[in-house]
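Participant: let's see this in three dimensions:
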Amino acid sequence: MPRAKYYRANKEKFKKLYRDAYHSDKDRFKAYKEKHLSTPHGKMSQKIQNWKQKGMILYENESWEDMYNRFQNQEFCCGCGEKFCETNRKALDHNHDTGYVRGVLCYSCNRRDILANL
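Facilitator: Below is the predicted model of the structure:
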(Lines give C-alpha, C1' and ligand atoms only; values in the text may rest on other atoms or scores of the structure.)
Protein backbone atom coordinates (compact mmCIF):
# COMPACT_ATOMS: atom_id res chain seq x y z
CA MET A 1 0.00 0.00 0.00
CA PRO A 2 1.48 3.42 -0.95
CA ARG A 3 2.48 5.61 1.98
CA ALA A 4 -0.08 8.37 1.33
CA LYS A 5 -2.92 5.88 1.04
CA TYR A 6 -1.82 4.16 4.25
CA TYR A 7 -1.67 7.52 6.05
CA ARG A 8 -5.18 8.45 4.91
CA ALA A 9 -6.50 5.07 6.05
CA ASN A 10 -4.85 5.48 9.49
CA LYS A 11 -5.08 9.24 9.94
CA GLU A 12 -6.38 9.15 13.52
CA LYS A 13 -3.60 6.77 14.56
CA PHE A 14 -0.95 9.16 13.17
CA LYS A 15 -2.61 12.19 14.78
CA LYS A 16 -2.50 10.44 18.16
CA LEU A 17 1.16 9.45 17.71
CA TYR A 18 2.10 13.01 16.79
CA ARG A 19 0.05 14.50 19.64
CA ASP A 20 1.63 12.13 22.17
CA ALA A 21 5.14 12.88 20.90
CA TYR A 22 4.44 16.62 21.00
CA HIS A 23 3.14 16.57 24.56
CA SER A 24 6.07 14.44 25.77
CA ASP A 25 8.67 16.94 24.43
CA LYS A 26 7.06 20.32 23.66
CA ASP A 27 10.30 22.29 23.93
CA ARG A 28 12.00 20.21 21.24
CA PHE A 29 9.03 20.62 18.87
CA LYS A 30 8.86 24.39 19.48
CA ALA A 31 12.62 24.78 18.95
CA TYR A 32 12.44 22.83 15.68
CA LYS A 33 9.50 24.90 14.43
CA GLU A 34 11.23 28.15 15.36
CA LYS A 35 14.43 27.04 13.61
CA HIS A 36 12.51 25.88 10.52
CA LEU A 37 10.51 29.11 10.23
CA SER A 38 13.70 31.17 10.30
CA THR A 39 14.94 29.53 7.08
CA PRO A 40 13.91 30.82 3.62
CA HIS A 41 12.14 27.53 2.86
CA GLY A 42 10.33 27.67 6.20
CA LYS A 43 9.16 31.24 5.58
CA MET A 44 7.94 30.28 2.12
CA SER A 45 6.06 27.20 3.33
CA GLN A 46 4.43 29.19 6.17
CA LYS A 47 3.28 31.97 3.80
CA ILE A 48 1.90 29.44 1.29
CA GLN A 49 0.11 27.57 4.09
CA ASN A 50 -1.50 30.84 5.24
CA TRP A 51 -2.69 31.61 1.71
CA LYS A 52 -4.19 28.14 1.32
CA GLN A 53 -5.96 28.42 4.69
CA LYS A 54 -7.57 31.66 3.47
CA GLY A 55 -9.03 29.67 0.58
CA MET A 56 -6.82 31.04 -2.19
CA ILE A 57 -6.65 29.00 -5.39
CA LEU A 58 -4.16 29.22 -8.26
CA TYR A 59 -4.91 28.75 -11.92
CA GLU A 60 -3.84 25.40 -13.40
CA ASN A 61 -0.58 26.61 -14.96
CA GLU A 62 0.72 28.24 -11.74
CA SER A 63 2.57 26.78 -8.77
CA TRP A 64 2.63 28.05 -5.20
CA GLU A 65 6.42 28.45 -5.34
CA ASP A 66 6.14 30.64 -8.45
CA MET A 67 3.41 32.70 -6.78
CA TYR A 68 5.54 33.13 -3.66
CA ASN A 69 8.53 34.27 -5.75
CA ARG A 70 6.34 36.70 -7.67
CA PHE A 71 4.95 38.03 -4.37
CA GLN A 72 8.46 38.47 -2.95
CA ASN A 73 9.87 40.14 -6.07
CA GLN A 74 6.93 42.48 -6.75
CA GLU A 75 8.07 46.05 -6.05
CA PHE A 76 4.97 48.04 -6.96
CA CYS A 77 1.26 47.69 -6.24
CA CYS A 78 -0.78 46.44 -9.24
CA GLY A 79 -3.63 48.73 -8.16
CA CYS A 80 -2.16 52.17 -7.45
CA GLY A 81 1.44 51.75 -8.62
CA GLU A 82 2.94 52.77 -5.26
CA LYS A 83 6.25 51.23 -4.23
CA PHE A 84 6.03 48.72 -1.38
CA CYS A 85 7.80 49.70 1.87
CA GLU A 86 7.41 49.33 5.65
CA THR A 87 4.29 51.52 5.71
CA ASN A 88 2.88 50.28 2.39
CA ARG A 89 2.86 46.49 2.79
CA LYS A 90 1.99 43.76 0.31
CA ALA A 91 -1.16 41.65 0.19
CA LEU A 92 -2.01 38.80 -2.15
CA ASP A 93 -5.37 39.74 -3.63
CA HIS A 94 -7.92 37.05 -4.47
CA ASN A 95 -11.55 36.84 -5.52
CA HIS A 96 -13.58 36.00 -2.42
CA ASP A 97 -16.29 34.27 -4.44
CA THR A 98 -14.07 31.96 -6.50
CA GLY A 99 -10.87 31.99 -4.42
CA TYR A 100 -8.65 32.59 -7.46
CA VAL A 101 -5.58 34.79 -6.90
CA ARG A 102 -5.61 38.06 -8.87
CA GLY A 103 -2.31 39.71 -8.00
CA VAL A 104 -0.18 41.59 -5.49
CA LEU A 105 -1.71 44.74 -4.06
CA CYS A 106 -0.85 47.09 -1.23
CA TYR A 107 -3.00 46.76 1.91
CA SER A 108 -4.86 49.98 1.04
CA CYS A 109 -5.89 48.80 -2.42
CA ASN A 110 -6.76 45.35 -1.11
CA ARG A 111 -8.94 46.88 1.63
CA ARG A 112 -10.60 49.22 -0.86
CA ASP A 113 -11.34 46.26 -3.14
CA ILE A 114 -12.84 44.25 -0.26
CA LEU A 115 -15.03 47.14 0.91
CA ALA A 116 -16.22 47.87 -2.64
CA ASN A 117 -17.48 44.30 -2.99
CA LEU A 118 -19.54 44.26 0.23
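Participant: just give me the residue right at the centre of this structure.
Facilitator: For the chain, residue 48 is the residue whose C-alpha lies nearest the centre (C-alpha atoms, centre = their mean; 2.4 Å).
Participant: elements contacting whatever helix or strand it lives in?
Facilitator: Using DSSP states H and E, the element containing residue 48 is helix 40-53. With contacts taken as 3 or more C-beta pairs under 8 Å, 6 or more residues apart in numbering; DSSP states H and E, helix 40-53 sits against helix 26-37, helix 64-73. C-beta here means a position set from N, CA and C on the backbone, and glycine is covered the same way.
Participant: and that helix, which residues are buried?
Facilitator: Within helix 40-53, the residues scored as buried using 16 or more other C-beta atoms under 10 Å are 44, 45, 47, 48, 51.
Participant: closest one of those to residue 12?
Facilitator: The shortest approach to residue 12 among the buried residues of helix 40-53 belongs to residue 45, at 24.7 Å (C-beta to C-beta).
Participant: for residue 17, see how far away that closest one is.
Facilitator: 22 Å (C-beta to C-beta, to the nearest Å).
Participant: ok, now residue 47?
Facilitator: 28 Å.
Participant: for residue 33, same thing?
Facilitator: In terms of C-beta to C-beta, residue 33 sits 18 Å off from residue 17.
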